[in-house]
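Peer 1: dropping a prediction and its sequence here:
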Amino acid sequence: MVEITARRVAELRAKTDAPMMECKKALTEADGNLERAEELLRVRLGHKAGKSAARITAEGVIAAHIDGNAGALVELNCETDFVAKNADFIDFANKVAEWVVKQAPANVAELLQLPFEGAPSGGTVDQMRAHFIGKIGENLAIRRFQRIQTAHRLACYLHGARIGVLVEYQGPDASIGKDVAMHIAAMKPIALSAADVPAELIERERSIARQKAAESNKPAAIIEKMVEGSVQKYLKEIALLDQPFVKNDKQTVEQMLHAAHASVHSFTLYVVGKASRNRRMILPPKWPRKPPRPDNL
């Protein structure tokens, strides 16, 4: 039997906000499997998925740069919050984002080997990073970047320095892109539309919903309707176009875009220390498209 340590219990509690004893009980039943224990808690206590997306597990900053039809998001990590607030560190992150846009490296390894403006003795990005390590006294790492080159428009939004969004969109008004980027930073969608949600996430949600519904002791046909209803609700919560727009929750993001004669083609969401959310539509939405009919009509 796997030993359930206090650290493991605390990790599950941080993800779910469930009581300590419930976390320990779930971990014991799941034989220490954190993901399975989280599912058990969601079935028993009704906790929502994805709470951990708001928790930051590493220090650092997100930087953004847009130049015409090219833009980039970059994440730089450091060891302490003190360094993450250092003006020189933030300036370095901004310059790296600008360099990604200008030089279009294929990956971080290629980026590190590029000659870098301002590096000592005309050195590389990696040598500039090493220079900052010596100056600041902490290890620094360029964790990742996303560069977009498009025929459409780009907008970015930084919430402090820990959350960054880059949006590729079409529309007559530049404020539309900014509004969508701010919405994404606040609501953290997983996909652009319900059709773009990874199948494994849908199946996991369906499994959890089925376990919950089974406790109702209702007929199988009713249970299946309950399960599908839960899945559809979940999709509306995590798909950008179906989410209530943060500046006007009487309409969805899709309805807001329709009214503005605009569309979103892709978005990238970075949160320091978390996995990226980079979603692109294979085909742009077809406008004009009749928006969903409000429930009260």
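Peer 2: Happy to help now that I have it. Numbers count the residues shown, from 1 in each chain.
Peer 1: in the protein, which spans are helices?
Peer 2: Ranges of helices in the chain, per DSSP state H, are 6-16, 20-29, 34-45, 81-84, 87-103, 108-112, 125-136, 174-187, 199-214, 220-238, 253-259.
Peer 1: turn these into CSV, including distance to residue 269 and mean pLDDT.
Peer 2: For every residue, glycine as well, the C-beta is placed using N, CA and C. Below are the helices of the chain laid out as CSV (distance: least, Cβ to Cβ, whole Å; pLDDT from 0 to 100):
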stretch, distance to residue 269, mean pLDDT
helix 6-16, 19, 81
helix 20-29, 28, 87
helix 34-45, 21, 81
helix 81-84, 19, 87
helix 87-103, 16, 93
helix 108-112, 19, 93
helix 125-136, 24, 84
helix 174-187, 6, 94
helix 199-214, 16, 86
helix 220-238, 12, 87
helix 253-259, 14, 95
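Peer 1: residue 168: which of those is closest?
Peer 2: Judged by Cβ to Cβ, the one of those that comes nearest to residue 168 is helix 174-187, at 8.6 Å.
Peer 1: and the closest one, what's buried?
Peer 2: 176, 177, 178, 179, 180, 181, 182, 183, 184, 185, 187 (16 or more other Cβ atoms under 10 Å).
Peer 1: the fifth one and residue 274: what is the separation?
Peer 2: Here residue 180 is placed at a distance of 20 Å from residue 274 (Cβ to Cβ, to the nearest Å).
Peer 1: one more: the fourth one?
Peer 2: In this view, residue 179 and residue 274 are 23 Å apart by Cβ to Cβ.
Peer 1: from memory residue 93 sits against residue 77, does it?
Peer 2: No - counting by Cβ atoms under 8 Å, residue 93 does not reach residue 77; the two are 10.1 Å apart.
Peer 1: who has more neighbours, those two?
Peer 2: Higher neighbour count among residue 93 and residue 77: residue 93, with 24 against 19, using other Cβ atoms under 10 Å.
Peer 1: which ones are touching the more buried one?
Peer 2: 61, 62, 63, 74, 76, 161 (Cβ atoms under 8 Å, 6 or more residues apart in numbering).
Peer 1: quick check: the farthest pair among those?
Peer 2: 74 and 161 (11.4 Å).
Peer 1: still on that earlier bit, okay if I get the buried residues of helix 174-187 as a markdown table plus distance to residue 217?
Peer 2: Compiled in a markdown table, the buried residues of helix 174-187 are given as follows (distance: Cβ to Cβ, whole Å):
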| residue | distance to residue 217 |
| --- | --- |
| 176 | 49 |
| 177 | 50 |
| 178 | 50 |
| 179 | 46 |
| 180 | 44 |
| 181 | 46 |
| 182 | 45 |
| 183 | 40 |
| 184 | 40 |
| 185 | 42 |
| 187 | 35 |
